[in-house]
Each structure stands twice: as C-alpha cells, then as structure tokens.
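Enquirer: Need coordinates for the following:
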Amino acid sequence: MNDFNTQLRNEFEKARQARINRNEGQSRVCARRAAGIAIREYLTRKGTQVPSMSAYDLINLLKEDPLLPSDLKLVVDHLTVRVTEEFELPVEADLIAEARILCDWLLNQ
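Expert: Got it, this is the predicted structure:
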C-alpha cells in the first residue's frame, strides 16, 4: 500500500534529484506536491472532507487555517508565489527545506 509517508518520501527524493540535475522548476513542483500530500492528511485528520484538488489548491486552502503559525503562513506564501519570466523565484527561499518544515508541522498536529 502506498501510504502518505511513502508518497512524501518519494516527492522529496524527486525534488532532491531535480535540484541535483539543476532543474529548480521541477524541484519546486515536487516540493509543492509533498506539501499537498501533508495538507490532505492534516485536513483529513481534522475531519475535513477534502475534495480532489491539486497540491497548489490545497496549499491555498491551508492559507485560511487559523491554527497555522505565522512563520508557516510565510512558507505557504513561498510555495504559491509565481516565478518570474526567467523562471526564478522572486523571493529568497529553499522550497524543499520549507516544504519539509511545513510537512513536519502538519503531520505532528
């Protein structure tokens, strides 16, 4: 059975590999997908019926959670920020590391 922990590990490994291959865009996608997996699990544990949504939509949904600490709200903002025309993040952030912090918090609630 492919549980959410396995899915999380797989996404973070794909993100790491993408970064090694200098594909930062793909590493961001994987970091967002990992966050989406953790958000779905977090909301399900809270008894929220989670509709079938993209990781991006789940991250935006999490922005509304009043229990989310302010430092993690910043992480959520980073995960949803649009890249520039040069495909660069307009903020200084390591989305893989930030997604890990967010996932750890969500899964320990």
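
Enquirer: The residue nearest the centre of the chain sits in which helix or strand?
Expert: What sits nearest the mean C-alpha location of the chain, by C-alpha atoms, centre = their mean, is residue 35, with 2.4 Å. In this assignment (DSSP states H and E), residue 35 forms part of helix 24-45.

Enquirer: In that helix, which residues are buried?
Expert: 24, 27-43 (16 or more other C-beta atoms under 10 Å). Backbone N, C-alpha and C define where each C-beta goes, glycine included.

Enquirer: ok, now which ones touch residue 87?
Expert: If a contact means C-beta atoms under 8 Å, 6 or more residues apart in numbering, then residue 87 has 24-25 as its contacts.

Enquirer: Give the helix, strand or coil label for it.
Expert: coil (DSSP: H, G, I helix; E, B strand; the rest coil).

Enquirer: can you list contacts of stretch 33-49?
Expert: So stretch 33-49 is contacted by 4, 7-8, 11-12, 15, 50, 53-56, 58-59, 61-62, 79, 99-100, 102-103, 106-107, 109 (C-beta under 8 Å, 6+ apart).

Enquirer: I'd say residue 93 and residue 76 touch.
Expert: No. Contact criterion C-beta atoms under 8 Å: residue 93 and residue 76 do not qualify, at 11.4 Å.

Enquirer: who's more crowded, these two?
Expert: residue 76 (21 against 17; other C-beta atoms under 10 Å).

Enquirer: Quick check: the residue nearest to the centre of the chain vs residue 66, distance?
Expert: Distance, residue 35 to residue 66, by C-beta to C-beta, to the nearest Å: 18 Å.

Enquirer: same question, residue 100
Expert: From residue 100 to residue 66 the distance is 23 Å (C-beta to C-beta).

Enquirer: Which of these two has more residues huddled nearby?
Expert: residue 100 (19 against 4).

Enquirer: Name the nearest residue to that one, sequence neighbours excluded.
Expert: Counting by C-beta to C-beta, 6 or more residues apart in numbering, residue 100 lies nearest to residue 12, which is 6.8 Å off, once chain neighbours are set aside.
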